[in-house]
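Undergrad: let's see this in three dimensions:
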Amino acid sequence: LERLRDICTPLECVPFSVVDAEIDQYRLRNATPGISKVADPLDELVSGGRVIVLGKAGAGKTTLAQRLLDRPDRQLAYLPAAAISRGTNGTKDLLEHLDLAAIFLEDGVAPEVSRYAARAVVDHLLKDPEQPVLLFIDAIDESAYLSQQGGIQTLFNMLRDVRVPVILTARSELWSARQADFATPFGALATEQTQNRRRIRVVELMDWDDQHIADAVGRRLGSATAPASDYLREFLTLVKSGDYQSYYGTIPRTPLFLRFVLDAVEAHGPRPTKRSRLMNEWVSRKVLRDVVDPRDFGRDGRPPIVPGVDSAETTLSVSFEIMEAAAELMTKTSSLSGVVMLPTCFFGDLRRKCETLRDVPEYQGVVLNTLLTPVRRRGAPHGTLEFCHRLFQEWFLARAMAKHDGVADLSRAGLPCEVLRWFGETGCTVSLRG
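TA: Residues are numbered from 1 along each chain as shown. You can find the predicted model right below:
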């Protein structure tokens, strides 16, 4: 989660809905009508029990996770769902993917503590409802295994022995697509004696209204200087009148895309744009800023993305080439699900796919000049890479599809709807102009 701090911009009072449901190990048994709220959704998460947080791309799930990480009252056991594969069976296997060293270091325990002893202690903690521990499983939709039919029920069954609060996050479209799974039993039928009913609270983050957008602009104004502050005031006037929609449509109604909009507004003032152009501009500006800013302050700058590439413009072009190649590598074809997006790829495979990297032995320059980041999870081989946010992975896969006819055939093979939406919007430009 640390890699996302410069993307997340919290706003505590936001719109969301709440549904209380009851499930057993096979199906959804009942659910209350949804209740709409405008409040701090964090209060729903820390109230205890099991909570699944839903939201579409950019709705603020990652920001909410970051705020959980910063709370001092509970020890957070963080587990990225992407680490959960077909070989994960039950609570004990789930523990293999937890960062146990981080958990114990919080309490001052030596990092060389036996992993087996640490696992036994954490296993005990997770089964004791009195312990100030919270298990957080992030981004179910990023696990190819859990995204398939019956995957969510399988995860709930893995958690059957956990007694501390559990929080999960997922895209709304995954939850909607898997509702049919809950309508019928999955696996062997249970008897009344073996049924294990659990209550789960479903919190769905909703689109922001004009007032929430105005509040976020107000926060940015508090730290902005001219000319950025003047541009933000101009945008705020458009928000209050409702005219901003003629520039941006509904793009600013999700917090991540609002962040992209405000960054663009600070740079050049309000301008009509589309989602893909906005994404292109934001990613381009970030890559260029990371190259140019250290030099402007008299430092040597970051290591080059590949040896011999020194100019910012060439760095930007190579960066996009590498990220498109990485997004292509992070796919597999399933007879059941069509094309499935994978959470990671290996640098060695990326070198073989991307001609520019053929003679580059290490990934340091790549991770410093792209939106790819090394995976630090236990068991991940050296050289395992992932995108810092799934949204970027989806966008770069759509760009790759639009550029290469062979990859474009994937559009008929069951790709996630967000990728297909980007595919319909992307123009495959790499520029801050236009």
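Undergrad: Ala326 contacts Leu372, doesn't it?
TA: Yes. Assessed by C-beta atoms under 8 Å, Ala326 is found in contact with Leu372 at 5.9 Å. The way it works is simple: take the backbone N, C-alpha and C, and place the C-beta from them, glycine included.
Undergrad: identify the contacts common to these two.
TA: Residues within reach of Ala326 and of Leu372 at once, by C-beta atoms under 8 Å, 6 or more residues apart in numbering, are 385, 387.
Undergrad: which one of these two is surrounded by more residues?
TA: Between Ala326 and Leu372, counted using other C-beta atoms under 10 Å, Ala326 has the larger neighbour count: 29 against 26.
Undergrad: how about whatever helix or strand the more buried one lives in as CSV, C-alpha atoms only?
TA: Secondary structure from DSSP states H and E places Ala326 in helix 312-329. Extracted in CSV, the C-alpha atoms of helix 312-329 (Å, rounded to 0.1, in the frame of the first residue of the first chain):
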residue,chain,number,x,y,z
ALA,A,312,13.0,13.0,-20.9
GLU,A,313,11.1,12.5,-24.2
THR,A,314,12.9,9.2,-25.0
THR,A,315,12.4,8.0,-21.4
LEU,A,316,8.7,8.7,-21.7
SER,A,317,8.4,6.7,-25.0
VAL,A,318,10.4,3.8,-23.6
SER,A,319,8.4,3.8,-20.4
PHE,A,320,5.1,3.5,-22.3
GLU,A,321,6.6,0.7,-24.5
ILE,A,322,7.7,-1.3,-21.4
MET,A,323,4.3,-0.8,-19.6
GLU,A,324,2.4,-2.0,-22.7
ALA,A,325,4.6,-5.0,-22.9
ALA,A,326,4.1,-5.8,-19.2
ALA,A,327,0.3,-5.5,-19.4
GLU,A,328,0.3,-8.0,-22.3
LEU,A,329,2.4,-10.4,-20.3
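Undergrad: list the buried residues for that helix?
TA: For helix 312-329, burial by neighbour count (16 or more other C-beta atoms under 10 Å) applies to 312, 315-329.
Undergrad: what sits up against that helix?
TA: Defining contact as C-beta under 8 Å, 6+ apart, one finds that helix 312-329 is touched by 283-284, 287-288, 291-292, 304-306, 309, 342, 345, 349-350, 353-354, 356-357, 366, 369-372, 385, 387, 392-394, 396-397, 399-400, 403, 407, 430.
Undergrad: can I get the helix or strand just after that helix as CSV, trimmed to CA atoms?
TA: Once helix 312-329 ends, the next helix or strand along the chain (criterion: DSSP H and E) is strand 331-334. Extracted in CSV, the C-alpha atoms of strand 331-334 (Å, rounded to 0.1, in the frame of the first residue of the first chain):
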residue,chain,number,x,y,z
THR,A,331,-2.7,-12.1,-19.2
LYS,A,332,-3.6,-15.8,-19.7
THR,A,333,-6.3,-17.6,-21.6
SER,A,334,-8.8,-19.7,-19.7
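Undergrad: summarise which helices and strands strand 331-334 is packed against.
TA: strand 338-341 (3 or more C-beta pairs under 8 Å, 6 or more residues apart in numbering; DSSP states H and E).
Undergrad: okay, now the sheet partners of the strand it packs on, with direction.
TA: Pairing partners of strand 338-341, with direction, according to DSSP bridges: strand 331-334 (antiparallel).
Undergrad: quick one: buried residues of the strand it pairs with?
TA: Buried-residue list, strand 331-334, by 16+ other C-beta under 10 Å: Thr331.
Undergrad: roughly how far out does the helix holding Ala326 sit from the chain middle?
TA: Its chain's C-alpha centre and that of helix 312-329 lie 20 Å apart, by C-alpha atoms, centre = their mean, to the nearest Å.
Undergrad: ok, stretch 124-139 next?
TA: Offset of stretch 124-139 from its chain centre (C-alpha atoms, centre = their mean): 22 Å.
Undergrad: now do that stretch, average pLDDT.
TA: Per-residue pLDDT values across stretch 124-139 average out to 82.
Undergrad: give me the distance between the two termini of it.
TA: 25 Å (C-alpha to C-alpha, to the nearest Å).
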